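1. Here's a sequence, model it:
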Amino acid sequence: MATSSFAGYTAPSVNGQALARQLSPTVLVNVVQSLFHTPGRGVSQNVVVDTNAIEVRVIREKPLTQKARTIGETTDGNYFSAQTAEQPTSDEYGLRVNLVYDTPIDIPTNMQDMIPIDLANATMRNYVQAVAKNINASTIATQIGINLNTLAVQEIASTGTGSSVQYTSASDDILEKFQDAQVYLDNGDSTNGVDTFPMSSRIALWRSTAKRAFYKDATGVFSVNNWKAQDMLKIGAVDPESFPNTEMNGFFGEIDQCYNYFVASAVWTLAEDYLKQDGSPVAGGFLDVVEGYICASMGTLRGIAINSQMKIVDSQAGQGIRLQPKQRWGVELIYPLSVVALHSGTKAVYARKATVGGAGAVALPLSVVAPASNT
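-> As a prediction, this is how the structure comes out:
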């Protein structure tokens, strides 16, 4: 059923005199942040992805297990090693490229005739922004969700070794907590053959409140008495040589070779829409406990289909054009310890978000499902 809204022939007017109304040819542009994670920074995106396949197989050669020995000792001290000959072995990981943004968009000729705006170009711009926002949100959901699953298992087993750091904004020094999180990545993931995650591969994603905490004089970057502090304050960065932004990708500086990004609340909310638990979408605000997190690239596989495209055809509904978008991508966290969350509340409380009832003894894993399918 058609709907319409008309102002009436007497508006606008002042003191009984009819005045002109004009539609501006300039459209207010939506501001959506572009990708935070880039190849080699936060994700490994060097995987060749073709839309002809729904899954990509990634192979990791395991490290050697043999031990060094001392000649002349009683145990394994002969000229030839007594250890069993070793052969290369591997682990295999699957990257499912099953997230898709592809609902057609119709632009009727009648609509275009009545408005002095290039709707096709404006819609294309909105499409690019929507895809970037969804890739960002799904990557955050995957990294935090799978990391939480691992923490939950460790919490149930009472090992307490999960990679997360408690941060209390009212009392803690965020710079110290940031460096505490870096220690986890420095120590790597030895069970997966990673002695340390390279510093140059890390990024940190923060909420606006956490970003603000970096600029507190007593607990942020200015507490180090940097003589360049005025320059940093002027441009709003956490280091004197970076040029921050909010509308591009939220970058606001580098600490310990780690790139820091501000993530808008809308992206965190969309990330929640990608999370499913016990057959249902998680409740709104599920990720509010996360103030930010740090991740290293080699722990996350992300593939964006290289031959996805936008087709423009005649609309089947009538005279006009139909935009047929098709963008596929996938994200997999293969090393959960490559993600370190900074969260409010204790580690136990945070970990229990992925257990029965929030505090039970049975894991209730989170999974990632695109919003339109997450019901």
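
2. For the strand ranked longest in the chain, C-alpha coordinates in CSV please.
-> Counting residues, the longest strand found in the chain (DSSP state E) is strand 320-333. What follows is strand 320-333 as a C-alpha-only set of coordinates in CSV (Å, rounded to 0.1, in the frame of the first residue of the first chain):
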residue,chain,number,x,y,z
GLY,A,320,13.7,1.5,-13.3
ILE,A,321,17.0,-0.2,-12.4
ARG,A,322,17.8,-3.0,-9.9
LEU,A,323,21.1,-3.0,-8.1
GLN,A,324,22.2,-6.6,-7.4
PRO,A,325,24.9,-6.5,-4.7
LYS,A,326,26.9,-9.6,-3.9
GLN,A,327,29.6,-9.5,-1.2
ARG,A,328,30.7,-12.6,0.6
TRP,A,329,33.2,-12.9,3.4
GLY,A,330,34.1,-15.1,6.4
VAL,A,331,36.0,-14.8,9.7
GLU,A,332,37.5,-17.6,11.8
LEU,A,333,39.5,-17.2,15.1
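
3. Same question for that strand: list its buried residues.
-> 320-323, 325, 327-333 (16 or more other Cβ atoms under 10 Å). Placement of C-beta: from N, CA and C, glycine included.

4. Run me through the strand neighbours of that strand, direction for each.
-> strand 99-101 (antiparallel), strand 105-108 (antiparallel), strand 300-304 (antiparallel), strand 309-314 (antiparallel) (DSSP bridges).

5. V238: which of those is closest?
-> strand 300-304 (23.5 Å; Cβ to Cβ).

6. what's that closest one in contact with?
-> Contact with strand 300-304 is made by 37, 42-45, 47-49, 56, 58, 93, 95, 97, 135, 139, 142-143, 327-335, 338-339, as judged by Cβ atoms under 8 Å, 6 or more residues apart in numbering.

7. Any of these buried? List them.
-> 37, 42-45, 47, 49, 56, 58, 95, 97, 135, 139, 142-143, 327-335, 338-339.

8. re the thing from before, out of the contacts of strand 300-304, which sit inside helices?
-> 135, 139, 142-143 (DSSP state H).

9. okay if I get those residues as a markdown table plus distance to G162 and pLDDT?
-> Listed next are those as a markdown table, based on distance: Cβ to Cβ, whole Å; pLDDT from 0 to 100:
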| residue | distance to G162 | pLDDT |
| --- | --- | --- |
| I135 | 26 | 94 |
| T139 | 20 | 97 |
| T142 | 17 | 97 |
| Q143 | 14 | 97 |
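
10. And the helices in the stretch 51-200 of the chain?
-> Here the stretch 51-200 of the chain has its helices, by DSSP state H, counting those that start in this stretch, at 109-113, 119-156, 174-186.

11. And the second one, what's buried?
-> The reference is to helix 119-156. 119, 123-124, 127, 129, 131-156.

12. Tell me how many other residues crowd A11.
-> Using other Cβ atoms under 10 Å, A11 is surrounded by 10 other residues.

13. Could you report the separation of it from Y184?
-> 62 Å (Cβ to Cβ, to the nearest Å).

14. same thing with A20?
-> 64 Å.

15. what about the two, which has more around it?
-> Neighbour count, other Cβ under 10 Å: between A20 and Y184, Y184 has more, with 22 against 5.

16. Check that one and give its pLDDT.
-> pLDDT, Y184: 94.

17. M1 now?
-> 66.

18. cool, and the one 4 residues further on?
-> In this model, S5 is scored at 74, pLDDT.

19. Tell me how many other residues crowd it.
-> 4.

20. if I look at it, how far off is S200?
-> From S5 across to S200, the span is 55 Å (Cβ to Cβ).

21. same question, I59
-> Separation of I59 from S200 (Cβ to Cβ) stands at 24 Å.

22. cool, Q45 as well?
-> Between Q45 and S200 the computed distance is 15 Å (Cβ to Cβ).

23. what's the answer for S280, then?
-> Applying Cβ to Cβ to S280 and S200 gives a distance of 40 Å.

24. which stretches of the stretch 101-250 of the chain have low pLDDT?
-> 159-161, 217-227, 230 (pLDDT under 70).

25. what's near enough to touch N149?
-> N149 neighbours (Cβ under 8 Å, 6+ apart): 336, 354, 363, 365-366.

26. wait, which of the residues you listed is closest to W206?
-> With Cβ to Cβ as the yardstick, the closest approach to W206 among the contacts of N149 comes from P336, at 20.4 Å.
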